[in-house]
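>>> Okay, predicted coordinates and the sequence, questions at the end:
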Amino acid sequence: MAMSSPAAGSDASAASRFLIRLLDRDRHADLLLALAVGTWPVLFAWLIGAHRTIGDHVGYWDSHTWVLAPVFPILLYAFRALNARVIPVGRRWPPAARPPIIELLRGETAQAAVYARLRDRILAPINLWIPLAASVIVHVLDAPYIFEPYLGTPSTWPSWVSMFEVAPEIGRGMNLLLVLSAGLIQFAIVFIGLLAITLFFRHNLFFLRNVYQRRWVQVGDEACYFQVDPKDVNRCFGFRAANVAFNTQVRALMIAGAAIFLSRYGVLVVNAKEETDFLRFPPTVPDFDALFPLPSQWIMALSWLIALAVVALPALVKLLPRLGDRGEHSVADFLGEYFADSAWPRDRLGGKAPLPVVAAWFARNSFWPTGDNRAGVLFFFAYWIFLLTLVPVSVNNLALLLMIAAATAVLAYAAQLLTFKALRLSLHFVDEMLVSPTAGAERDGDAADDAAANDVSIFISYRRRDTAAYARTLSERLSEAFSADHVFVDIRDIAPGEDFVQRIGRTLDAVDTVVVLIGDRWLSLTDGDGRRRLDDPDDVVRLEIATALERGKRVIPVLVGDARMPSADELPDPLRPLALRNAVELSETRWDYDIGRLIDTLRRA
């Protein structure tokens, strides 16, 4: 479906156009420009003789500052690649790649409307001005320490920054030009990092604000909000389809921590001349000025903590009814915020599930949208890297390195446990059953699921030359969810010598749902005479589907292997109603989630 830009005018300002350029992965010339800008101070330091250490002034090369040359273009590439996985935005709808959270919505109209709102948030000019202003403040705070020798005060931080003090032939002006050149790169790197934090913040805040809550959604607008599914088999409220967006942010946080560590390590080496000046064994109580010789150093650590809070925002999904409302909540009021009147979870008989059962389903879902187990591992490494940035580890002292690495790992694990403990504790203030449901309620919920599963019988229609492997895998997963007696697949259930067509007819009489596996060759496969298989009235797959449609069975097309849904014009007359059925896609990149969604659909059949 071709549409014009869903957010006309959202990129009209120069700031918005600049953001689009920064996020555009196809602008490869920008990477070459970043490499050239990063390489210039390395070459210039060599040209003026400030690259090597002279006396107590550490040279530009010896301070490892030269690493900014490759880091700058790599960081720009990483910034674009990471944001392309979280918030890909284009000028038109549909974009080449849709933001993962948009996939949580059903229907093209709802997706287009929400994408337009998200795009406006991401391309808002304030997203550029805030990190730009913050970058200026960081460097203004550093300026007195950097420029003091140029104002007639002896340098308290002797290095290449003031090399003219020990090498007059370099000249004050040339040295200053080197400082400004290197400072420009550092400014750009800090700006890109803060911009990433800002964009992730806008994305995560948008996600939380777009989760359905009764108090802020008008009747009729429910389709444009993310609906929680407490019965999700993955126990992620049905949000695992967006796992790329959330897990990518945590990985970005880990990369940022590593970058901060390298930056702090280089500054400390320059400031102390030797690593042993600031890393001793046995360790001593660190001096704050020694660990953070420049204001930007502790600001970077503080920025990392802010980034951690930004990345952790999606974990607040289970606390949304409490946010911004200090009033008392009953369990019914709390859970009622997540569901419209018509969307309250149902039991196997189609009636409203009892409140304790819904609370039990709610409690067993994760805080983190892609699962608390994954989040635990990712947050552990994120905390660990941050703690290592506080006291950079000397690679020349193996005993000290191992001791600090082990100690910070223990602290990181404890911090990870406390994070989720604090989240669970906040739900206790509403009611304990939202965290630890009673065993009876949990058994009732499981029994309802099991009973619903046992009430479903499924027939899998597939073509051997197209989707045999998918059929076997899907059969195994459905058999686990519904029991093998309720899943029919011809390769397993038809005895030798049995009439295939009659058996299929009898089976279709006994099943509720027919799953039609459609691969990339399902529509085009031919027989020995070159005739398309679907055009043969005696083709088994055609018979299966036509019979199911005639008998009023629920028929669910399931697309695998990047197949597309065929149009009615491409199908023989008996199969044309299939084109009107809503399809489910099983993507290899999110197989477990998509299988879980299909199982959920079948249970509600």
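All right, it came through fine. These numbers were taken from a predicted model, which means no experiment stands behind them.

>>> Might one say that Trp304 is in contact with Phe386?
Yes: if you go by Cβ atoms under 8 Å, Trp304 and Phe386 touch, sitting 5.5 Å apart. C-beta: built from backbone N, CA, C; applies to glycine.

>>> Any figure for the gap between Cys383 and Met254?
Cys isn't right for residue 383; it's Tyr. For Tyr383, the distance to Met254 equals 10 Å [Cβ to Cβ, to the nearest Å].

>>> So for those two, which sits in the more crowded spot?
Set Tyr383 next to Met254 and count neighbours by other Cβ atoms under 10 Å: Tyr383 wins out with 24 against 18.

>>> so Met565 is in which element?
Per DSSP states H and E: Met565 is located in neither a helix nor a strand.

>>> ok, it - contacts?
Ile518, Pro557, Leu559, Ala579, Ala583 (Cβ atoms under 8 Å, 6 or more residues apart in numbering).

>>> Please check these and keep the buried ones.
Listed as buried from those are Ile518, Pro557, Leu559, Ala583; burial here means 16 or more other Cβ atoms under 10 Å.

>>> Find the nearest non-adjacent residue to the last one, please.
This points to Ala583. Closest residue to Ala583 apart from its sequence neighbours, by Cβ to Cβ, 6 or more residues apart in numbering: Pro557 at 4.1 Å.

>>> So that neighbour, which state does it fall into?
Secondary structure, DSSP: H, G, I helix; E, B strand; the rest coil: Pro557 is strand.

>>> isn't it right up against Leu580?
No: in this structure, Pro557 is not within contact of Leu580 by Cβ under 8 Å, at 10.0 Å.

>>> picking up where we left off before, farthest pair within the contacts of Met565?
With Cβ to Cβ as the measure, no two of these lie farther apart than Leu559 and Ala579, at 12.7 Å.

>>> ok so, going back, Trp344: which of the buried ones among the contacts of Met565 is nearest?
Ala583 (27.1 Å).

>>> I figured that closest one hits Val560, correct?
No: assessed by Cβ under 8 Å, Ala583 is found out of contact with Val560, at 10.6 Å.

>>> so what sits against both of the two?
By the contact definition Cβ under 8 Å, 6+ apart, Ala583 and Val560 are jointly contacted by Ile518.

>>> Look up phi and psi at Arg551.
Main-chain dihedrals, Arg551, degrees, to the nearest 10: phi -90, psi 10.

>>> That one: what's it in contact with?
Leu508, Asp509.

>>> Likewise for Leu253?
Trp304, Ala307, Leu308, Val311, Ala382.

>>> Let me see the ranges of the strands in this protein.
Remark: strands assigned in the chain by DSSP state E are 458-461, 487-488, 513-518, 554-560, 584-586.

>>> What's the mean pLDDT across the longest helix seen in the chain?
Using DSSP state H, we find that the single longest helix of the chain is helix 172-209. Average pLDDT, helix 172-209: 91.

>>> And that helix, what's buried?
By 16+ other Cβ under 10 Å, the buried positions in helix 172-209 come out as 174-176, 178-179, 181-204, 206-208.

>>> before we move on, what about stretch 138-146?
By 16+ other Cβ under 10 Å, the buried positions in stretch 138-146 come out as Val138, His139, Asp142, Ile146.

>>> and if you look at stretch 407-416?
Neighbour counts over stretch 407-416 (16+ other Cβ under 10 Å) mark Thr408, Ala409, Ala412, Ala415, Gln416 as buried.

>>> now, which of these lie within helices?
Among the buried residues of stretch 407-416, the members falling in helices (DSSP H) are Thr408, Ala409, Ala412, Ala415, Gln416.

>>> which of the residues you listed sit farthest apart?
Distance extremes for those: the farthest pair is Thr408 and Gln416 at 12.4 Å, using Cβ to Cβ.

>>> give me every residue that touches the residue nearest to the spatial centre of the chain.
Closest residue to the average C-alpha location of the chain: Ala245 at 1.9 Å, with Cα atoms, centre = their mean. Counting by Cβ under 8 Å, 6+ apart, Ala245 touches Arg85, Val86, Ile87, Pro99, Pro100, Ile101, His203.

>>> What's the local residue count around the second one?
Neighbour count of Val86, defined by other Cβ under 10 Å: 23.

>>> nearest spatial neighbour of it, skipping sequence neighbours?
Ala245 (4.7 Å).

>>> Same question for the last one.
Of all residues beyond its chain neighbours, the one nearest His203 is Ile87 (5.2 Å), with distances taken as Cβ to Cβ, 6+ apart.

>>> The first one too?
Computed as Cβ to Cβ, 6+ apart, the closest residue to Arg85 that is not its neighbour in sequence is Thr248, at 4.6 Å.

>>> ok, that neighbour - contacts?
Applying Cβ under 8 Å, 6+ apart, the residues near Thr248 are Leu82, Arg85, Val86.
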